[in-house]
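**Q** quick one: sequence plus predicted model below, questions after.
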Amino acid sequence: MAINKLTITLFLLISFAVFHCLAFRVEVQEFEPPRQEGQEGPGGGSGEGWDEEATKNPYHFGQWSFKNFFQSKDGFVKMLPKFTKRSSTLFRGIENYRFLFQEMEPNTFLVPHHLDADYVFLVVQGKGVIGFVTDTANESFQITKGDVVRVPSSVTHFFANTNGTVPLRLAKIAVPANVPGHFQVFFPAHSGFHQSYFTGFSKDVLTASFNIPEELLGRLIRGPQQQVGQGIIRRVSPEQIKELTEHEHATSPSNKHKDKKDKHKDKDRSTFGSPFNLLAQDAIYSNKFGRYHEAHPKRFSQLQDLDIAVGWVNMTQGSLFLPQYNSETTFVTFVENGCARYEMASPYTFQAEQQQPWFGPGQEEEVEEEMSGQVHKIVSRVCKGEVFILPAGHPFAILSQDENFVAVGFGIHASNSTRTFLAGQDNMLSNINTVATRLSFGLGSKLAEKLFTSQNYSHFAPTTPSHQFPEKPKPSFQSIFNLAGF
Amino acid sequence: MAINKLTITLFLLISFAVFHCLAFRVEVQEFEPPRQEGQEGPGGGSGEGWDEEATKNPYHFGQWSFKNFFQSKDGFVKMLPKFTKRSSTLFRGIENYRFLFQEMEPNTFLVPHHLDADYVFLVVQGKGVIGFVTDTANESFQITKGDVVRVPSSVTHFFANTNGTVPLRLAKIAVPANVPGHFQVFFPAHSGFHQSYFTGFSKDVLTASFNIPEELLGRLIRGPQQQVGQGIIRRVSPEQIKELTEHEHATSPSNKHKDKKDKHKDKDRSTFGSPFNLLAQDAIYSNKFGRYHEAHPKRFSQLQDLDIAVGWVNMTQGSLFLPQYNSETTFVTFVENGCARYEMASPYTFQAEQQQPWFGPGQEEEVEEEMSGQVHKIVSRVCKGEVFILPAGHPFAILSQDENFVAVGFGIHASNSTRTFLAGQDNMLSNINTVATRLSFGLGSKLAEKLFTSQNYSHFAPTTPSHQFPEKPKPSFQSIFNLAGF
Amino acid sequence: MAINKLTITLFLLISFAVFHCLAFRVEVQEFEPPRQEGQEGPGGGSGEGWDEEATKNPYHFGQWSFKNFFQSKDGFVKMLPKFTKRSSTLFRGIENYRFLFQEMEPNTFLVPHHLDADYVFLVVQGKGVIGFVTDTANESFQITKGDVVRVPSSVTHFFANTNGTVPLRLAKIAVPANVPGHFQVFFPAHSGFHQSYFTGFSKDVLTASFNIPEELLGRLIRGPQQQVGQGIIRRVSPEQIKELTEHEHATSPSNKHKDKKDKHKDKDRSTFGSPFNLLAQDAIYSNKFGRYHEAHPKRFSQLQDLDIAVGWVNMTQGSLFLPQYNSETTFVTFVENGCARYEMASPYTFQAEQQQPWFGPGQEEEVEEEMSGQVHKIVSRVCKGEVFILPAGHPFAILSQDENFVAVGFGIHASNSTRTFLAGQDNMLSNINTVATRLSFGLGSKLAEKLFTSQNYSHFAPTTPSHQFPEKPKPSFQSIFNLAGF
């Protein structure tokens, strides 16, 4: 009898323990490697076992990391989880930023909505229209590949892919206004699955607000039935596209309500400014192996208060974006075309996260504080549709593979950031003075100069280095090293 | 025997489990609805079951939510808990802000003190004096209903209600300087319950600091005995009030220590600036149904570094502050008079909080990230002395009830925020262009124009809409909808 | 049998409980008093039992609180744990700041490196050189006692102690760029224990980057063998010191790569500006008992974006830095010479931390929100090599002991902060107007004036007050108090 009671009590206690264990499991799954299905093609690997390390790369987000925010046959909006879900320490500095990707099929419309978040987007492919609706105007802008647009928090806007053949693809970075790292979408009109925000109001308030009888409210809060498509992205007729496109040149207040115009003359709501085209700016680095464009918050007022830079890199097959690091900015980078291997050096140890499973999400793990002296190889093959993070101060290099490689990036905390190259003609290390070089590398000045100045290119270089072919200009190179007892 | 030992061990384990369960309970109580006592009068409800939902409204803080910071028969200071105690996600963006309310009976004095927090206050009722004491001066200002005053962190100040009949009521928002979301009060003089901060020093330091014998320190650290009142708010004689009031015009350094004055001529300590009166500013929205005044941080330097706006709304009985949203700011709103129903639309789901009771306070719960498509009705009847939160981007409306409704609000993160109305003459939706309207609402342009332009008023409107009475100007209104097959 | 199974299950459960208890222990140890070994000399104590309280002082970090970041016979770099490890609430406002101390023996070199953190350092002893390496130049600056230098995130730099006899000692405050409160060190060259960040790259990338054969990469990633010292701080020959010192006057781009110079003429990388000497500034407070120098972020652009002030106090034996508080800044103070007793008044209760052991690090405990009315005596004897924290708004005093006392401090959130003295000739309390004084202290105006104006000195005063000796100027002082019935 006593034992029976004991077993019951034990059962409760065990349930309790199991419950804790479950929490444990969930946590561990959270931190599992993002890529296990052998996406890594045989052509990608080229070093000593870096593929294995890649599976632990917390800086790489495969396609499956995205969560669908919305999806239909006419397009989708997907979003990466909050970065601190992957690692609550490594990404704490970019915790309040979210990466999204939006794709709209030809001849589609994304209904008017607003977010409780500021965001910046970059058109990576296609052509279309974005319309902003404010209390005084309906301003539309044509957007095309390379355009960067700032959308302020809570401004109602809509999109259209006005092209008949090419999908419209947008990379976005959002900075939530209410809850750090989280935001929501608000729709004025009901659309199938998504409720109108007018659903939040009582009949009393709605009839009084619109000064209409109760019976007529249905249209507002339930929306049209079967009339248009179901989703928030919906196919539209070529005539409607034409109408939208015609409007797109109107940057002055719409003439629909001429009588109101004068009242608001003094108001200035153009905080979002005009879109600009990143690719129309001069490339800041460019040679036959690659090209890099960047819009900096100090030059573009639209990016200023969010302190975000936007970058676009285009590399020919088999090229190397030379080892470098950013001083203050963390780049969230999206691959638009091709595949590349990116390599990064990190002194951070992040295994701890898998050993402290009882910490809840958002909670801070222990960070190894001891100077371990060890440098971790962070390396992954990244392909179209995937995201990788380049944190401040971490040396990295990008090696394009297979075909033309295109990636775009949003640089967070960009305004005071600079870029330092560790190889190539303008590399920082070539400037360490002679004594310091000798003291640190143990190299004589001639040898050091050779080591840091043999590269003939800046920023981008070929991966089949000239020394592997019969070398004309530097026949005595290796012998210098030999002489130096290397 | 073995069983005896087992039971002891079990007892320990069960205690352990019970202990955990208690933690659980505390948590659940934390998130219980703020209003259960049926405060909702029968006149308040008017929709389909919104009363039930109201009990789950995390944005509404009833009177009992306040904690007494100090209370006596002569007045009180009370404070809302840190907002993240209510919901650690929803309110994370305003985590570092605290709302306080202070009431002083006629002819009372609140002793000099400082906070390790910056704050802004608004006089909602009464007349009085605030005195600032710095190392060079004693500056006093008369304060009256509508006055807004900035008190910088660590500036010693005192209050007096100089009026003989009306209580002095202040609404305050504080931004702590040391510990996000927490601050303390420091008193130079002992007062009954509250120790002087000189209590923190040893006799050695005090005798050396004041250059007085040890025996005389008692007055400083223990204060006067039974001489004046016990509390920090204490009744004062009409003569003392007169003396304080006479001082209040002095905005130049006190003449008590003329000899010091010259030494500090160069110092500029007027960082707190002069108070200004919110009600003396032109109302930004005003008609016969209501009036709204707002002080924006871009215009008032006192509010600039805290990035806070201050608003004051005054509505006649049965009026509607039309559906609207703020783009970046979250308003913490305090009801000063009357009752109103406020309604708000939110796509956020916050039930999760009650399902994860093992998370400690301040820890982040999971936020539902999926676009559920659902809009939640946030609705509450709010009355004098209660607080409700209006987060950025969330459409809301306020419907005054019973009597004249007055509420004041502090807008957090205000400097880039704008306000968008969703109904009324200047509503944003009336500016969506024709194609977009048809595509989103499924309405023809004429119908849409009717829907969004039938309201004859801006910002404030009556709740007994004109269409419910025999309509003169729009007899054919309903028939248009009928024609359209609505 | 059943009992056997029970015992096994019990064993598991007990392990589970013990595991939790261990977590508990670790936590408790974390918050244990920093100084237990009776460092408190008999000459230090002088009040009623303040020594006991001192052992609970969370604001005091003894020498053993430091963690060695690096240590060898030639020098060390050590760092305090993240402040929130000591108390996750009290120090949440300075969570992102880390204090470091670096000492280099005579004739030593600290190899080039960069941090993913911005930092400011102050030379507290010795002479040396700091060299900055950028993509366009190698700029070196001589540094000496009192010099303040700003090192931006990710700038490669090296140090040398160029003096043959005196150690070079630096106090540093760092603001991490990636992970709040955490940073790492990146070394371009391998040095014994510490790997070069080139270790993070594959052979492919390295050979292509440097355009050299694979066989020659060893030098870069493995470094010289037994050639120079093992550690990152290494002894150097007088000739090498001379060479480094000669370079130190070069503030223009190095001439090593003249051909590159023109390309970068337009670039302005001098964000770190020139060092300045704190002791060369006029002392802001000074008399025969002490001297206080301060560099404020509003005057020194190097300190501006980090919003840090730097202070240096020098007191003769037995002097008192009078009771005072800072309005917004929290000072992290390092003792460079001598010992002092510091006393501080705090209304915060932090015992709660020991009662909630199940909270993980970095998680927020409950803060007592009730106005307890109690003031806690925070008091410690602090000696050379120790750190103490002076939070905003908290009144404190420093009493130098034994010998000449020197301390340096970094003031966090400094730009709008002011300092208020509570005793001495310029004390704030002497400015409270007559009525307010009577109402708060219960003192008549004459008595109050005596209490707040008997001190003949400003800012610094002797601890053997003049009244303890036959007093000439104020013979009737005590009798005034007597007359007043004190």
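**A** Noted; the coordinates are in hand. Numbering: from 1, shown residues only, chains lettered A, B, ... in the order given.

**Q** surely A:L429 is in a helix?
**A** Yes - according to DSSP: H, G, I helix; E, B strand; the rest coil, A:L429 belongs to a helix.

**Q** tell me how far it lies from chain C.
**A** 6 Å (C-beta to the nearest C-beta, to the nearest Å). Placement of C-beta: from N, CA and C, glycine included.

**Q** what sits against that residue?
**A** A:422-423, A:452, C:133, C:188 (C-beta atoms under 8 Å, 6 or more residues apart in numbering or on different chains).

**Q** repeat that with 7 Å
**A** A:422, A:452, C:188 (C-beta atoms under 7 Å, 6 or more residues apart in numbering or on different chains).

**Q** got it, and A:V387?
**A** A:V387 touches A:61, A:80, A:99, A:332-334, counting by C-beta under 7 Å, 6+ apart.

**Q** quick one: low-confidence ranges for the stretch 201-350 of chain A?
**A** Applying pLDDT under 70 to the stretch 201-350 of chain A flags residues A:219-220, A:222-230, A:246-273, A:350.

**Q** go with 90
**A** A:203-204, A:207, A:210-232, A:234, A:236-275, A:301-302, A:305, A:348-350 (pLDDT under 90).

**Q** and the helices in it?
**A** A:203-210, A:218-222, A:238-247, A:258-261, A:301-304 (DSSP state H, counting those that start in this stretch).

**Q** turn the ones you listed into CSV, columns for mean neighbour count and distance to chain B.
**A** What follows is the helices of the stretch 201-350 of chain A, written out as CSV (neighbours: other C-beta atoms under 10 Å in any protein chain shown; distance: least, C-beta to the nearest C-beta, whole Å):
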stretch, mean neighbour count, distance to chain B
helix A:203-210, 24, 4
helix A:218-222, 18, 6
helix A:238-247, 16, 4
helix A:258-261, 12, 7
helix A:301-304, 18, 11
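
**Q** which one of these lies closest to B:S65?
**A** Closest to B:S65 of these, according to C-beta to C-beta: helix A:203-210, at 25.2 Å.

**Q** what does the closest one contact?
**A** By C-beta under 7 Å, 6+ apart, the list of residues contacting helix A:203-210 reads A:198, A:213-214, A:217, B:46-47, B:320, B:322-323, B:343, B:397, B:399, B:423, B:451, B:454-455, B:461-463, B:465.

**Q** buried among those residues? Make that a ChimeraX selection.
**A** Buried residues within those, by 16 or more other C-beta atoms under 10 Å in any protein chain shown, are selected in ChimeraX with:
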select /A:198,217 /B:47,320,322,323,343,397,399,423,451,454,455,461,462,463,465
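
**Q** mind listing which of the contacts of helix A:203-210 are in strands?
**A** Residues of these located in strands (DSSP state E): B:320, B:322-323, B:343, B:397, B:399, B:461-462.

**Q** tell me which of the residues you listed is nearest to B:P167?
**A** Using C-beta to C-beta, these come closest to B:P167 at B:L399, 28.0 Å.

**Q** for chain C, what's its nearest residue on the stretch 101-250 of chain A.
**A** Scanning the stretch 101-250 of chain A for proximity to chain C using C-beta to the nearest C-beta identifies A:P180 as nearest, at 12.6 Å.
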